[in-house]
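Peer 1: I'd like to go over a predicted model; first the sequence, then the structure.
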Number of protein chains: 2
Amino acid sequence: MTIIVDGKKIADEIENKIKKEILRTKIVPSLASVLVGNDKPSKRYAKLIQRASARVGIHFEIYKFPENISEKELIDSISSLNKKDSVDGILLHVPLPEDIDERKIFSSINPEKDIEGVHPLNRGKMYMGIEDPVPCVAEAVIRVLSRYNVEICGKDAVVIGHSNTIGKPISALLLNRNATVTVCHEYTKDLRKYTEKADIIVSATGVKDLIREDMVREGAIVIDVGRDIDFKNVSKKVSLITPPFGGIGPVTVSILMEHTYKLAKKKVI
Amino acid sequence: MTIIVDGKKIADEIENKIKKEILRTKIVPSLASVLVGNDKPSKRYAKLIQRASARVGIHFEIYKFPENISEKELIDSISSLNKKDSVDGILLHVPLPEDIDERKIFSSINPEKDIEGVHPLNRGKMYMGIEDPVPCVAEAVIRVLSRYNVEICGKDAVVIGHSNTIGKPISALLLNRNATVTVCHEYTKDLRKYTEKADIIVSATGVKDLIREDMVREGAIVIDVGRDIDFKNVSKKVSLITPPFGGIGPVTVSILMEHTYKLAKKKVI
């Protein structure tokens, strides 16, 4: 019997908790979503966040900038959000246009309004084991594993993808929990060698059907972050799997709500 | 034919370059070594640094504090070094006494005087691929590999040890260079499973003879950071190995000299 993770259900639980907290404390958190250019997945993600914000009672505002904005202009715009008392959390949608160094922009976000844990200060703390805040998608992976009582300590975990915003943070959180962590990526020779013996596989590449049935062992735990898994066939073999839709996605959005609420609450106390 | 890494020679090359630079630019860098309590390896390390400083022309000062110093007192002392114009680089010796959270003390070092890259801001940048500065021992590993033209990209690299100051930074630098990196540690089940197929093994645990001949493959590259390797037997089988003495150690110290000089130079410009 394979467990198919119900991401929607986990997200509902998280959202309902936040919603209640907001009603109880009368804190109205405010989230600023910064969108540069016309990246369609980013626009879709912003829409999902807007809807979730409406559900739980978070004030959502989107700040749109043209594709040709300069690094300096973008940093100035973020500085003004940093100063704005009414903004609790800032989310910068990536990828940014190619001529902008996203790491510079990450550094310009006030670390205390950094709901995604992208500022190098928060990133450094995460790698040292202080997880406050961390990227929502990485936290979503851990939350799903713990929701289904998957033990992480001592397990052979393989993360596929080593992007700064997804693969690396996921591997950091697994390592913080004492998994033996292997990070694979586009330069990895013979990916199967790593996946076929793994207890836990987290794939975050965006390459469709990268992980096939013959690459995973019977009973493995498989988390699909990038819609990389041949779900139909892999799901027959493993013990737990997230579906490509309604898996990690909704949990990530709900954790973004949680992070925004936490920052708003911190400011009040 | 196994290559035995001559760490002393590499260190001499690095030191001579710094020495010449110091003579040429007339910049006299200044290094403050912060030593808390009576940890013997730390004392020995401070001594080695003092001698290297004398060789290259760096002004070295040691600041000793008693075992029972409070976190607050230590942070105050570091703050005063942060403010002192005559100090270019600050080195905090670890381990600290058990009741002090080293991460708090790391955070108290001015990131611009952080020669070991321990401040979370520098740590976060390193994980995002901006390596300036990074922990000297991790840089020493990379420097040794590149000195002997060992290709890293696409290689199967196994790092043993996941401490914040040694194992994790080494794995970050290998990952930045696109190795497929596995981090093993005390919770790893069946260490041999990972080491026996590795192209590059970096061991940093301090457990004597942890890595034995039967655990490495013919022709592997083996870097001994923690004096973990059964050198006598492993060296017969591999293609390159660092000896337990005169290996990574001297290179690490010379890179500390380099980092101190770089920070002093940055301040002048």
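Peer 2: Yep, it's here. Numbers count the residues shown, from 1 in each chain, chains lettered A, B, ... in the order given.
Peer 1: next one: phi and psi at A:Ile229?
Peer 2: Main-chain torsions, A:Ile229, degrees, to the nearest 10: phi -100, psi 140.
Peer 1: nope, A:Val87 is what I meant
Peer 2: Residue torsions, per degrees, to the nearest 10, at A:Val87 are phi -100, psi 120.
Peer 1: Could you check stretch A:186-197 against chain B for contacts?
Peer 2: Yes - against chain B, stretch A:186-197 shows contacts by C-beta under 8 Å from any C-beta of the partner chain at A:187-189, A:193-194, A:197. In short, each C-beta sits where N, CA and C put it, glycine included.
Peer 1: Could you single out the nearest of those to B:Ser53?
Peer 2: Proximity of the residues of stretch A:186-197 next to chain B to B:Ser53 (C-beta to C-beta) peaks at A:Tyr187, which lies at 39.1 Å.
Peer 1: Can you give me the pLDDT of the closest one?
Peer 2: Here, the pLDDT recorded for A:Tyr187 equals 98.
Peer 1: just to revisit the earlier point, need the max-distance pair from the residues of stretch A:186-197 next to chain B.
Peer 2: Most distant of the residues of stretch A:186-197 next to chain B, by C-beta to C-beta, are A:Tyr187 and A:Lys197, 19.8 Å apart.
Peer 1: and A:Lys193, helix, strand or coil?
Peer 2: Assigned with DSSP: H, G, I helix; E, B strand; the rest coil, A:Lys193 falls in the helix class.
Peer 1: before we move on, what about A:Ala140?
Peer 2: Assignment for A:Ala140 (three-state DSSP): helix.
Peer 1: What's the separation between it and chain B?
Peer 2: 20 Å (C-beta to the nearest C-beta, to the nearest Å).
Peer 1: Same question for A:Val158.
Peer 2: 9 Å.
Peer 1: And A:Val251, by the same measure?
Peer 2: From A:Val251 over to chain B (counting by C-beta to the nearest C-beta), the distance is 24 Å.
Peer 1: ok so that residue is a helix residue?
Peer 2: Yes - assessed by three-state DSSP, A:Val251 belongs to a helix.
Peer 1: Tell me which residues touch it, please.
Peer 2: Residues in contact with A:Val251 (C-beta atoms under 8 Å, 6 or more residues apart in numbering or on different chains) are A:7, A:10-11, A:14, A:140, A:143-144.
Peer 1: could you redo the last one with a cut-off of 6 Å?
Peer 2: A:7, A:10-11, A:140, A:143-144 (C-beta atoms under 6 Å, 6 or more residues apart in numbering or on different chains).
Peer 1: Now list the buried members of these.
Peer 2: When those are checked for burial by 16 or more other C-beta atoms under 10 Å in any protein chain shown, the buried set is A:7, A:10-11, A:140, A:143-144.
Peer 1: Now render the residues you listed as JSON lines, adding secondary structure.
Peer 2: What follows is the buried ones among the contacts of A:Val251, written out as JSON lines (three-state DSSP):
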{"residue": "A:Gly7", "secondary structure": "helix"}
{"residue": "A:Ile10", "secondary structure": "helix"}
{"residue": "A:Ala11", "secondary structure": "helix"}
{"residue": "A:Ala140", "secondary structure": "helix"}
{"residue": "A:Arg143", "secondary structure": "helix"}
{"residue": "A:Val144", "secondary structure": "helix"}
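Peer 1: what does chain A put close to chain B?
Peer 2: A:103, A:120-121, A:123-125, A:127-128, A:153-154, A:162, A:164, A:175, A:178, A:180-184, A:187-189 (C-beta under 6 Å from any C-beta of the partner chain).
Peer 1: what do you get if the cut-off is 8 Å, keeping everything else the same?
Peer 2: A:103, A:106, A:119-130, A:153-154, A:156, A:162, A:164, A:168, A:172, A:175, A:178-185, A:187-189, A:193-194, A:197.
Peer 1: Over to A:Val118. Which of the three states is it?
Peer 2: Strictly by three-state DSSP, A:Val118 counts as coil.
Peer 1: Count the neighbours of it for me.
Peer 2: Using other C-beta atoms under 10 Å in any protein chain shown as the criterion, A:Val118 is surrounded by 27 other residues.
Peer 1: where does the closest residue to it other than its chain neighbours fall, helix, sheet strand or coil?
Peer 2: In this structure, A:Val118 finds its nearest non-sequential neighbour in A:Phe106, 4.2 Å apart by C-beta to C-beta, 6 or more residues apart in numbering or on different chains. Secondary structure for A:Phe106, judged by three-state DSSP, is helix.
Peer 1: mind listing what's buried in stretch A:44-59?
Peer 2: So stretch A:44-59, judged by 16+ other C-beta under 10 Å, has buried residues A:45-46, A:49-50, A:52-53, A:55-59.
Peer 1: My guess is A:Leu31 contacts A:Ser86. True?
Peer 2: No - the criterion here is C-beta atoms under 8 Å, and A:Leu31 misses it with A:Ser86 at 10.9 Å.
Peer 1: on that earlier part again, restricted to strands, list the buried residues of stretch A:44-59.
Peer 2: Among those, the ones falling in strands (DSSP state E) are A:His59.
Peer 1: just the buried residues of stretch A:44-59 now: which is nearest chain B?
Peer 2: A:Tyr45 (21.1 Å; C-beta to the nearest C-beta).
Peer 1: Now do the same contact list for that closest one.
Peer 2: Contacts of A:Tyr45 (C-beta under 8 Å, 6+ apart): A:His93.
Peer 1: And the strands in the stretch 1-150 of chain A?
Peer 2: A:3-4, A:30-36, A:59-65, A:89-92 (DSSP state E, counting those that start in this stretch).
Peer 1: quick one: buried residues of the third one?
Peer 2: So that's strand A:59-65. A:59-60, A:62-63.
Peer 1: which residues touch the residue nearest to the spatial centre of chain A?
Peer 2: With distances taken as C-alpha atoms, centre = their mean, chain A has A:Val137 as the residue nearest its mean C-alpha position (1.5 Å). If you count contacts by C-beta under 8 Å, 6+ apart, A:Val137 has them with A:165-166, A:169-170, A:204, A:225, A:248, A:252.
Peer 1: now A:Asn68
Peer 2: Per C-beta under 8 Å, 6+ apart, neighbours of A:Asn68: A:Pro97.
Peer 1: A:Ile18 is in contact with A:Val28, correct?
Peer 2: No - counting by C-beta under 8 Å, A:Val28 stays clear of A:Ile18, with 12.0 Å between them.
Peer 1: Which of those two has more residues huddled nearby?
Peer 2: A:Ile18 (24 against 13).
Peer 1: any idea how far that one is from B:Asp214?
Peer 2: 54 Å (C-beta to C-beta, to the nearest Å).
Peer 1: likewise A:Ile200?
Peer 2: From A:Ile200 to B:Asp214 the distance is 28 Å (C-beta to C-beta).
Peer 1: the more surrounded of those two?
Peer 2: Neighbour totals were compared for A:Ile200 and B:Asp214, and A:Ile200 leads with 22 against 12 (other C-beta under 10 Å).
Peer 1: For A:His119, see how far away the closest residue to A:Asn82 other than its chain neighbours is.
Peer 2: Spatial nearest neighbour of A:Asn82, excluding adjacent residues (C-beta to C-beta, 6+ apart): A:Asn110 at 4.0 Å. According to C-beta to C-beta, A:Asn110 and A:His119 sit 8 Å apart.
Peer 1: Kindly reformat the strands of the stretch 1-150 of chain A as CSV containing mean pLDDT.
Peer 2: Converted to CSV, the strands of the stretch 1-150 of chain A look like this (pLDDT from 0 to 100):
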stretch, mean pLDDT
strand A:3-4, 98
strand A:30-36, 98
strand A:59-65, 98
strand A:89-92, 98
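Peer 1: Need these in JSON lines (columns: distance to A:Lys72).
Peer 2: Shown next, in JSON lines, are the strands of the stretch 1-150 of chain A (distance: least, C-beta to C-beta, whole Å):
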{"stretch": "strand A:3-4", "distance to A:Lys72": "47"}
{"stretch": "strand A:30-36", "distance to A:Lys72": "13"}
{"stretch": "strand A:59-65", "distance to A:Lys72": "12"}
{"stretch": "strand A:89-92", "distance to A:Lys72": "16"}
